[in-house]
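Novice: sequence plus predicted model, see below.
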Amino acid sequence: MNKITMTTRRRGAAAARLVALAAGVCWAAAPAAAQGTSTDPRVGLSPGYANAGQAARGMRLVVHRDNPQGFFNPQDRGDFGFANSDMAFRGNLLFMGGYAGWQVWDISNPASPRVRATHPCAGGQGDVSVYGDLLFMSVEETRGRVDCGQGAGAGVRFRGVRIFDISNLDRPRQIASVQTCRGSHTHTLLAHPTDRQNLYVYVQGTGGVRPATELAGCTASATDPATSLFRIEVIQVPLARPQDARVVSMPRVFADPRTGSPAGLWPGGAHGQGTQESARTDQCHDITVYPAIGLAAGACAGNGILLDIRDPANPVRVEEVSDPNFAYWHSATFNNDGSKVLFTDEWGGGASPRCRATDRREWGADAIFTLSGRDLTHRGYYKLPAAQTEQENCVAHNGSLVPVPGRDLMVQAWYQGGISVFDFTDPANPVEVAFFDRGPLSATESVLGGFWSAYWYNGHIYGTEITRGLDVLTLTPSPLLTQNELDAAALVRYETFNPQMQPRVTWPAHFSVAKAYADQLGRGGIRTTRAIQISRELDRAQRLRGNARRTALTALATQLDSDAGSARDAAKVRALAAVVRELAR
């Protein structure tokens with residue numbers, strides 16, 4: 001049975017009074033600014049392609065790089081299309097997809113990224129993922145060819161998932177091409193902890209269904225039991241022989257469990273007067289898997305769904321939600337402990353201005369749910385708090401967690417709305433922490449552009465700018481995010497990062513982690529005087545060595561056990577005590 005979330009939004013202060021201990025600054029965080037405000041520095045930025053005005057708070061642009069030659073820019077449109085799309089990471093390499101093909105950037109020095117390789121290959125937005133020496137690319141448009149060439153016809157058309165061997169980046173080889181009935185708008189890799197022999201690819205096709213004369217078995221009839229609608233495809237990739245990749249199942253994750261009807265979820269249309277026109281749920285746009293908890297969250301047109309992925313080839317829907325404020329469920333992100341799921345609404349399809357002062361705050365936003373067992377409960381919304389112009393396409397888009405221990409922090413792209421970092425630890429009252437934005441590409445025309453994706457990776461934020469290229473940014477200390485918290489996040493290092501295959505983050509026992517918790521307790525989790533004292537004791541213990549350090553830390557851990565009994569945030573005090581005990585060993 002579908003759950004219809006409430007249309008009313010929980011109100012109240014966006015955050016409690018914050019005390020930044022490290023800087024000795026008191027900060028009263030106001031509720032999210034009204035979208036019509038003129039005091040936000042993002043409002044009224046000057047337009048331009050290479051010289052647009054910029055505004056930032058709590059983050060800094062480290063470097064910008066234009067697109068490489070042959071990929072879109074106003075002076076050289078190239079022969080292969082335009083627009084950068086999603087990213088994946090492996091080691092010191094950033095893989096950027098796009099309508100023109102894919103690029104590889106060497107980010108071993110984040111302040112000076114350089115193009116390592118490019119591979120023209122048209123066929124749609126070209127989302128990419130990486131796993132070892134394999135690169136996966138989504139292809140959905142009818143112009144896609146099996147050989148990555150130009151001018152597709154029925155005999156050579158390719159729509160599905162390409163697999164490349166990238167062991168030699170200078171000579172990548174396409175080793176498999178798995179055709180699907182609706183192509184692949186996006187895809188999700190799943191390296192399952194119980195199956196080390198295979199990799200799984202969940203294929204999200206959103207295009208029209210191909211005729212059976214082009215690919216056997218395809219049918220667009222919604223009443224045909226074998227319909228190509230209302231399902232996803234699962235590709236199994238044998239790691240020993242990836243060239244043998246094939247579709248092994250087509251689970252009907254939208255079916256009605258009582259009747260078996262494939263059209264079991266939202267049928268499309270408005271939820272009532274004054275609500276959004278939500279799309280029919282016959283597809284998923286994005287699925288985010290979280291292997292550590294055995295679940296996936298699907299953003300599926302008219303519904304958000306939860307999947308049990310313990311059997312990776314046969315995911316099973318275990319929960320679904322709908323929201324009258326959502327037009328098109330686009331993507332999903334779990335928080336690190338798996339107790340929340342954030343879904344995005346791509347109202348307007350990404351090409352429309354949906355962050356204007358006149359647009360509703362719940363539309364084109366993030367919806368935040370708590371997850372208990374397998375039950376999703378709506379708690380709140382987050383939307384970019386700065387009004388954008390009629391010329392700026394803007395809506396919630398791709399992002400990832402920023403791994404600050406003790407907080408649910410996310411960085412997110414908003415197309416020409418820029419990049420926003422926000423805290424959703426309190427799901428009913430999310431708070432913006434940092435932002436970066438440029439002015440519109442044009443003062444008079446609506447020109448598609450802005451950030452497609454923004455992800456945290458090994459200490460920096462990387463943003464794919466649709467028309468301009470690649471941006472590298474870094475978070476900076478502020479009353480909302482201290483240097484200790486940034487240092488603790490920097491301890492997290494990924495070897496590979498595909499944002500739709502979410503890793504569980506763990507932090508080592510480190511003084512930065514302990515101090516991050518102490519700073520957070522200073523924001524109202526414990527008496528301010530006690531929080532200051534805890535920070536001083538941590539500083540003193542860090543200066544000690546050997547037995548003196550162990551004695552001081554053991555004593556502090558014992559005191560923290562006592563503090564937990566009266567602290568406002570007892571769980572945070574206990575987490576700090578656990579780190580302090582580890583440091584004492």
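Specialist: Looks like it arrived, so ask away. Numbering: from 1, shown residues only.

Novice: quick one, what contacts residue 413?
Specialist: For residue 413, the contact set (CB atoms under 8 Å, 6 or more residues apart in numbering) comprises 397-399, 419, 450-454, 463-464. Where C-beta positions appear, they are placed from N, C-alpha and C, glycine not excepted.

Novice: and these, which two are furthest apart?
Specialist: 399 and 450 (13.4 Å; CB to CB).

Novice: which other residues reach the top helix by length along the chain?
Specialist: In the chain, assigned by DSSP state H, the helix with the most residues is helix 546-564. Contacts to helix 546-564, defined as CB under 8 Å, 6+ apart, come from residues 526, 530, 534, 537-538, 540-542, 544, 570, 573-574, 576-577, 580-581, 583-585.

Novice: again, only this time at 10 Å
Specialist: Helix 546-564 has contacts (CB atoms under 10 Å, 6 or more residues apart in numbering) with 511, 514, 517-518, 521, 525-527, 530-531, 533-534, 537-538, 540-544, 567, 570-585.

Novice: quick one: which of the contacts of residue 413 is nearest residue 63?
Specialist: residue 463 (11.3 Å).

Novice: would you mind writing the CA trace of the helix or strand containing that closest one as PDB?
Specialist: If you go by DSSP states H and E, residue 463 is part of strand 460-465. Coordinates of each C-alpha in strand 460-465 appear next as PDB, following Å, rounded to 0.1, in the frame of the first residue of the first chain:
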ATOM      1  CA  HIS A 460      37.800  17.900  -1.900                       C
ATOM      2  CA  ILE A 461      34.600  18.600  -3.700                       C
ATOM      3  CA  TYR A 462      34.500  18.000  -7.400                       C
ATOM      4  CA  GLY A 463      31.800  19.500  -9.600                       C
ATOM      5  CA  THR A 464      30.900  18.700 -13.200                       C
ATOM      6  CA  GLU A 465      29.800  21.900 -14.800                       C
END
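
Novice: distance from the chain centre to it, please.
Specialist: Relative to its chain's centre, strand 460-465 lies at 12 Å (CA atoms, centre = their mean, to the nearest Å).

Novice: that strand pairs with which strands, parallel or anti?
Specialist: Strand 460-465 sits in its sheet next to strand 451-457 (antiparallel), strand 469-475 (antiparallel), going by DSSP bridges.

Novice: distance to residue 388 added to the ones you listed, as TSV?
Specialist: Conversion of those to TSV gives the following (distance: least, CB to CB, whole Å):
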stretch	distance to residue 388
strand 451-457	12
strand 469-475	18
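
Novice: of these, flag the one that's most buried.
Specialist: strand 451-457 (a mean of 25; mean count of other CB atoms under 10 Å).

Novice: for residue 270, grab phi and psi.
Specialist: phi -80, psi 150 (degrees, to the nearest 10).

Novice: ditto for residue 518
Specialist: phi -60, psi -40.

Novice: residue 542 is in contact with that one, correct?
Specialist: No. Using CB atoms under 10 Å, residue 518 is not in contact with residue 542, being 11.8 Å away.

Novice: look at the nearest residue to residue 576 once chain neighbours are set aside and give its secondary structure.
Specialist: Residue nearest to residue 576 in three dimensions, not counting chain neighbours: residue 517, with 4.0 Å by CB to CB, 6 or more residues apart in numbering. Following DSSP: H, G, I helix; E, B strand; the rest coil, we place residue 517 in the helix state.

Novice: mind checking pLDDT for residue 517?
Specialist: On pLDDT, residue 517 comes in at 98.

Novice: next, count neighbours for it.
Specialist: Neighbourhood size, residue 517 [other CB atoms under 10 Å]: 30.

Novice: for residue 449, same thing?
Specialist: Neighbours around residue 449, by other CB under 10 Å: 22.

Novice: so how far is residue 315 from it?
Specialist: Distance of residue 449 to residue 315, computed by CB to CB, to the nearest Å: 35 Å.

Novice: then residue 289?
Specialist: 9 Å.

Novice: between these two, which is the more surrounded one?
Specialist: Taking neighbours as other CB under 10 Å, residue 289 and residue 315 compare with residue 289 leading, 28 against 25.

Novice: so that one makes contact with residue 199?
Specialist: No. Residue 289 is not in contact with residue 199 according to CB under 10 Å; the separation is 11.7 Å.

Novice: now residue 475. Nearest residue, chain neighbours left out?
Specialist: Nearest non-adjacent residue to residue 475, counting by CB to CB, 6+ apart: residue 59, 5.1 Å away.

Novice: hmm, residue 480 and the one you found touching each other?
Specialist: No. Residue 59 is beyond contact range of residue 480, at 11.2 Å (criterion: CB under 10 Å).

Novice: tell me the SS of residue 420?
Specialist: With three-state DSSP as the criterion, residue 420 reads strand.

Novice: who touches it in this structure?
Specialist: Applying CB under 10 Å, 6+ apart, we find residue 420 in contact with 42, 59, 366, 382-386, 396, 399, 410-414, 432-437, 451, 454.

Novice: bridging residues for it?
Specialist: Under the criterion used (DSSP bridges), residue 420 bridges to residue 412, residue 435.

Novice: likewise for residue 178?
Specialist: Here residue 178, judged by DSSP bridges, has bridge partners residue 161.

Novice: that older thread, now the strands paired with strand 460-465 as a markdown table including mean pLDDT and distance to residue 354?
Specialist: Listed next are those as a markdown table, based on pLDDT from 0 to 100; distance: least, CB to CB, whole Å:
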| stretch | mean pLDDT | distance to residue 354 |
| --- | --- | --- |
| strand 451-457 | 98 | 15 |
| strand 469-475 | 97 | 22 |
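
Novice: and of those, who's closest to residue 306?
Specialist: strand 451-457 (23.1 Å).

Novice: re the thing from before, for the longest helix of the chain, buried residues please.
Specialist: 549, 552-554, 556-557, 559-560, 563-564 (16 or more other CB atoms under 10 Å).

Novice: out of those, which one sits closest to residue 254?
Specialist: The closest of those, once distances to residue 254 are taken by CB to CB, is residue 564, at 45.4 Å.

Novice: distance of the closest one from residue 337?
Specialist: Applying CB to CB to residue 564 and residue 337 gives a distance of 19 Å.

Novice: do residue 151 as well
Specialist: Taking CB to CB, one finds residue 151 at 50 Å from residue 337.

Novice: neighbour-wise, which of those two wins?
Specialist: Each of residue 151 and residue 337 has its neighbours counted (other CB under 10 Å); residue 337 has more, 11 against 8.

Novice: surely the more buried one and residue 370 touch.
Specialist: No. When contacts are counted by CB under 10 Å, residue 337 is not listed as touching residue 370 (11.2 Å).

Novice: and residue 529, helix, strand or coil?
Specialist: helix.

Novice: and residue 105, by the same measure?
Specialist: strand.

Novice: let me know whether it touches residue 90 as I believe.
Specialist: No. Between residue 105 and residue 90 there is no contact under CB under 10 Å: 11.4 Å.

Novice: so between these two, which is more surrounded?
Specialist: residue 105 (24 against 20).

Novice: which one is the more buried one nearest to, not counting chain neighbours?
Specialist: residue 94 is the one closest to residue 105 (CB to CB, 6+ apart), at 4.3 Å.

Novice: what about the strands in the stretch 251-400 of the chain?
Specialist: 269-270, 277-278, 286-290, 295-300, 303-308, 316-322, 329-334, 340-345, 366-372, 375-382, 399-402 (DSSP state E, counting those that start in this stretch).

Novice: now render those strands as CSV, adding distance to residue 172 and mean pLDDT.
Specialist: Shown next, in CSV, are these (distance: least, CB to CB, whole Å; pLDDT from 0 to 100):
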stretch, distance to residue 172, mean pLDDT
strand 269-270, 44, 97
strand 277-278, 40, 96
strand 286-290, 25, 98
strand 295-300, 29, 98
strand 303-308, 32, 98
strand 316-322, 36, 98
strand 329-334, 27, 98
strand 340-345, 31, 98
strand 366-372, 35, 98
strand 375-382, 39, 98
strand 399-402, 26, 98
